[in-house]
Structures are given as C-alpha cells and as structure tokens.
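J.: sequence and computational prediction follow.
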Amino acid sequence: MKMFLTSLLVVAAPLLASAKPQTNYWVTVGNDTIESIKKSSKVGLSLHSSKNGVSLINVKAEEIADLSTLMHEEFNRCAGFMGHDSLEEAKAALELTADKQAAVDGVFNNYQIDQQARVIPMMSQVQEMGVRKVIESLSAFNNRYYKSQTGVDSQKWLKNYWSTLAASRSDMRVDFFTHPNWPQPSVVLTVQGSKYPQEVVVIGGHADSINGGYFNDKVSARAPGADDNASGIATITEIIRVMVVTNYQPERTIQFMGYAAEEVGLWGSQAIASSYKQKSVQVVGVLQFDMTNHKGTANKDIVMMSDYTNAAQNAFIGNLIDTYVKLPWGYSSCGYGCSDHASWTKNGYPASIPFESTMQDINHKIHTTEDTIGVSGGHAQHAYKFALLGVAYMVELAK
Ligand code: BES
Ligand code: ZN
C-alpha cells in the first residue's frame, strides 16, 4: 500500500521501486468522491467495485496528480485516497470498513458537512444568557490560579455544574483528571459514542486564570479571567447544555475538557494530550476555546489561528462557519504556542482555535484585575457565536 501524499512522491515512487515505471494504479477512494471524479475532465473513472463506503478504481499514472488535486481541493483530503501495489491488496483494503480504513491511514478524512437537519434545530437552543451566567460564576472566584485553593474550588464548582447538566444521561460522566505536581485538577466530561466509542472528539479550554503582575502574590491576587478564559469554559458549557436539552447522542465519543494550569505553560493539557498519545487514544479532532467574548476586530467575528493548528481542520471549520454561523471570519497567528491547542498539535492530533479577534486587536485587560465581563459590554453576545460553531463542529465530526 502506498499513500499518495504529494504528486512528487507519486512520480518518484515507481521510478525508485523498479526500472520500468508503472502505468496504472489500483486506488481506493471514499464513495462520496465518485461523483466528483466522474465530473472531472482530468481524471477518467474506471470503477472496479465498491464495498463498505469505499470504491476501488483504476487510475492512469499520468492522472494521479490530478486526482490528488481534486481530493485536496474538493474534499480537504491530503491523503484521502490510497494506492495499492496489486489488485489483491486493493481488494483486501475494500474488505475494511471505511472507518477502519481511516484508522489505518491515521488520518481522519471525512470533513463532509451534511448534518443540517440536526445542527440547525440544536443551534436554535443556544442562549446568550446561558453563556453569560457561567462567565459571571467563574469570574466571581478571587482567582482560578493553579496553586491556590480558589483554583481548586472553581474546578470543583465546574465539575459539579457539568455533573448537574449530565445528571439525566446514562451515557455521560464527569471526572477530575488529577495532576500529581500541583493541586488544581482538570475536569473532563465524557459522552460515550454510540457507534465508534473508541474515536474521540475533544472540545476544550483552560479553566485557570492568572494575575500576570510581577510583584504580587499570585495565589492571593485578584484574577477574574472573564475573557481569559471563563468565556471559553462558558462556551463549552453551553454546548453541553444544548446537547442535553436536545437529547443529542453522538456516534463518536465526545470529551469536554476544562484544563488546569494553562497560564503557567499549558501544563494540564500537555499532561492529558501526552497521556492520550502514550495510550494511542484515537482523537479525531480537537477544538480549543480560549477567549471568545471580546469582539476586538470590526469586520471579523471569528478568527482562526493558523499556527500550531491543523490546516485541513481549520478549512473545515471555515466551511462550518459559512454553512451554519454565516458570519465573517479570517485567519491570524499567535506566533508561539499560545494555548492548549499547541499541546495537542505537539502530540500529533489535529487541533484548531477559533479566536475572538485578530492578534493585533487583542483584549489588553487579560491577566489583570480588570478582565471582567464589563469590558465586553456585560453580556456574552460574542461568545454565543462560538457556541453555535461548537455545536456544528461537534455534530459534524461525531457522526
Ligand atoms: N488566552 C491566552 C492566549 C492568547 C492571548 C491568545 C492573547 C491570543 C491572544 C492564554 O491564556 C495565555 O495567556 N497564554 C500564554 C502562553 C502560555 C504558554 C503560558 C501567553 O500568551 O502568554
Ligand atoms: Zn491567559
């Protein structure tokens, strides 16, 4: 089996493998791509057979590069099809279900958007008030610093709040992920997938806050952290609430995470992401919400950080915004691993961070005593948009 990652590789591989170049390839592709291949003027379709959502086609060597371009442009699939050295190997690949195939690839490659019938009614249940209340509750703790008692208490509050939301559901549980080297735990709400429970969608944000002043005692200093990052935790909490009121049951497992100790170096998320990697947990996508309630950029509502993130998933999220949220969005970059998405990226998982503004227009009150909801107008209208996006992401990825 060979992966057609780049056209260069495709051209080089047969030349290296043997003296006489291969003229045809057996290739397996998702059935959803067949119509587009048929329509393409550049790639001829010679269909051999189909099974389990996958089709076996024969492609001329000179058409492989065009097939790669088509997959990339229309389906956001970088390695969205597989070449096989023989018809036997290709037939064996067909015996796998499409999902196992994705697992073999190590690539989650279904970024199709087709859950309108579920997503739109769920979006109508998202409430600004739900988001606002959680921002207010979290920013009422003196601080949520990773070493302070109030930083432990705020995580107990969050675990309890999520547990109350989950109380009616036997497929949901809430746990602490404890960290041996500091007192503040991370909080994880797990929704067991009905069909692919071993595949996990992660929606997370950091729950800690910090007063960044040099000379104060951080354990006792006031750090409301309303925007950074009660807003992200409140956004996630609203997604959970909507999931329960609409009785949505995902096919993949979903984990909502409130990370500890982000403000001191992404420690909580790093501990979780590296343990998942070590245990080979199959995380198909990670969405990070860190700062969602301060609208700093006039002509953009949602800004995706292009660095330390996965480009294919970012493009998918852009498509979700166009399809469902229907608001202007764009790209910016942090220039460094600025939040927990970087922990997941570092451990090999596709992660994205839809952010409240461009880097130029950031909320300058973060890490101070003045990071309150008042700075953002006393409401959660901006974070509300991110909850809409989160609902769409969850349903389209967990199917
Ligand atoms: N929410 C911020 C990250 C951020 C700030 C992103 C401004 C974009 C614009 C996060 O909580 C944070 O403060 N991160 C630290 C880095 C971390 C590795 C300690 C930072 O930016 O200094
Ligand atoms: Zn911060």
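T.: Yep, it's here. Ligands and ions are numbered 1, 2, ... in the order given.

J.: which residues in this protein form strands?
T.: Taking DSSP state E as the test, the strands found in the chain are 2-3, 24-30, 47-51, 54-60, 81-84, 172-177, 186-191, 196-206, 252-259, 282-288, 302-305, 329-332, 351-352, 354-355.

J.: residues of the fourth one that come out buried?
T.: By neighbour count with 16 or more other CB atoms under 10 Å, strand 54-60 contains the buried residues 54, 55, 56, 57, 59. All C-beta atoms are positioned from the backbone trio N, CA, C, and that covers glycine.

J.: my guess is residue 168 contacts residue 245. True?
T.: No. Assessed by CB atoms under 8 Å, residue 168 is found out of contact with residue 245, at 9.9 Å.

J.: show me which of those two is the more surrounded one.
T.: residue 245 (14 against 10; other CB atoms under 10 Å).

J.: contacts only, for the more buried one.
T.: residue 125 (CB atoms under 8 Å, 6 or more residues apart in numbering).

J.: give me the nearest residue to the residue in the chain that ligand 2 sits nearest to, chain neighbours excluded.
T.: The chain approaches ligand 2 most closely through residue 228 (4.2 Å), counting by CB to the ion. Distances taken as CB to CB, 6 or more residues apart in numbering place residue 366 nearest to residue 228, at 4.0 Å, with adjacent residues excluded.

J.: per-residue confidence for the one you found?
T.: As predicted, residue 366 sits at a pLDDT of 97.

J.: lowest average confidence, helix or strand, in this protein?
T.: Least confident helix or strand, the chain: helix 7-17 with a mean of 40, by mean pLDDT, DSSP states H and E.

J.: now do the contacts for residue 208.
T.: So residue 208 contacts 144-146, 151, 184, 225, 229, 259-264, 268 (CB under 8 Å, 6+ apart).

J.: how about those residues, which pair is most distant?
T.: 225 and 268 (14.6 Å; CB to CB).

J.: how near is the residue lying closest to residue 137 once chain neighbours are set aside to residue 383?
T.: Computed as CB to CB, 6+ apart, the closest residue to residue 137 that is not its neighbour in sequence is residue 157, at 7.0 Å. Distance, residue 157 to residue 383, using CB to CB, to the nearest Å: 19 Å.

J.: one step back: now for the residue nearest to residue 137: which residues touch it?
T.: Going by CB under 8 Å, 6+ apart, the list of residues near residue 157 reads 137, 138, 141.

J.: grab the nearest non-local neighbour of residue 259.
T.: In space, residue 259 is closest to residue 268, 3.8 Å off (CB to CB, 6+ apart).

J.: can you list the domains in the chain?
T.: 6-18+97-397, 24-93 (automatic domain parsing).

J.: phi, psi of residue 265?
T.: Dihedral angles phi and psi of residue 265 (degrees, to the nearest 10) take the values phi 140, psi 30.

J.: next, count neighbours for residue 162.
T.: There are 24 residues near residue 162, going by other CB under 10 Å.

J.: and it, what does it touch?
T.: Residue 162 touches 174, 187, 189, 237, 240, 256, counting by CB under 8 Å, 6+ apart.

J.: can you lay out the residues you listed as CSV showing distance to residue 82 and neighbour count?
T.: Below are the contacts of residue 162 laid out as CSV (distance: CB to CB, whole Å; neighbours: other CB atoms under 10 Å):
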residue, distance to residue 82, neighbour count
174, 39, 21
187, 39, 28
189, 36, 24
237, 40, 27
240, 37, 23
256, 33, 27
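
J.: make CSV out of those residues and add pLDDT and distance to residue 210.
T.: Listed next are the contacts of residue 162 as CSV, based on pLDDT from 0 to 100; distance: CB to CB, whole Å:
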residue, pLDDT, distance to residue 210
174, 98, 25
187, 98, 18
189, 98, 24
237, 98, 21
240, 98, 25
256, 98, 22
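
J.: run a quick neighbour tally on residue 173.
T.: 14.

J.: do the same with the one 3 residues further on
T.: Taking other CB under 10 Å as the neighbour definition, residue 176 ends up with a count of 15.

J.: from memory it sits against residue 185, does it?
T.: Yes. Taking CB under 8 Å as the definition, residue 176 is a contact partner of residue 185 at 3.9 Å.

J.: quick check: neighbours shared by these two?
T.: Shared contacts of residue 176 and residue 185, counting by CB under 8 Å, 6+ apart, come down to residue 155.

J.: could I get the strands of the chain as TSV with distance to ligand 1?
T.: Output for those, formatted as TSV (distance: least, CB to the nearest ligand atom, whole Å):
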stretch	distance to ligand 1
strand 2-3	33
strand 24-30	36
strand 47-51	46
strand 54-60	40
strand 81-84	36
strand 172-177	19
strand 186-191	15
strand 196-206	6
strand 252-259	10
strand 282-288	10
strand 302-305	7
strand 329-332	8
strand 351-352	13
strand 354-355	6
